[in-house]
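# No letters, just coordinates:
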């Protein structure tokens, strides 16, 4: 080795220049499981139609006490109007079709009356205040 290089190496603190060896990591440590995602809060209602039909949430809000009668009437025309017209057409078809059995007449009439009555019931019934 060249004497000048040897003198330079002796004067230089190589421990400061070179990185130290990495410390050993203990890879056998226990890993905490990820926190489970929080479930959506359960919806509680006593109204069977709100459980069955998702769209009745909006109608349920319309049936609350603070909603004005004009808004309820407008909703009745927009939602109930086409349903009632369809139910009346179904009722007329069931009763005027030749050769219908008694079971067909009873079932058709029951379905038609159910369709005619559902929207006025949902919109104009008296709802209980939700318990908090």
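Thanks, I have the structure now. Please read all numbers here as calculations on a predicted model, not as lab measurements.
# remind me which residues of this structure are low pLDDT?
41-67, 126-132 (pLDDT under 70).
# just checking, next helix/strand downstream of the helix or strand in which residue 6 is found?
Assigned by DSSP states H and E, residue 6 falls within helix 3-11. Later in the chain than helix 3-11, the nearest helix or strand by DSSP H and E is helix 14-17.
# re earlier: roughly how far is the helix holding residue 6 from the heart of the chain?
Chain-centre distance of helix 3-11: 76 Å, with CA atoms, centre = their mean, to the nearest Å.
# Repeat that for stretch 76-86.
Offset of stretch 76-86 from its chain centre (CA atoms, centre = their mean): 26 Å.
# For it, list every residue counted as buried.
Across stretch 76-86, burial judged by 16 or more other CB atoms under 10 Å covers 76, 79-80, 84. Quick note: C-beta positions are derived from backbone N, CA and C, even for glycine.
# now for it, what's the gap between its first and last residues?
14 Å (CA to CA, to the nearest Å).
# I'd like to know which elements the helix or strand harbouring residue 104 is packed against.
Here residue 104 sits within helix 102-124, counting by DSSP H and E. Packing contacts for helix 102-124, counted by 3 or more CB pairs under 8 Å, 6 or more residues apart in numbering; DSSP states H and E, involve helix 56-62, helix 69-75, helix 81-96.
# Pick the most deeply packed of those.
Per residue and on average, the most neighbours among the helices and strands packed on helix 102-124 fall to helix 56-62, with a mean of 15 (mean count of other CB atoms under 10 Å).
# Please report the distance of residue 6 from residue 13.
15 Å (CB to CB, to the nearest Å).
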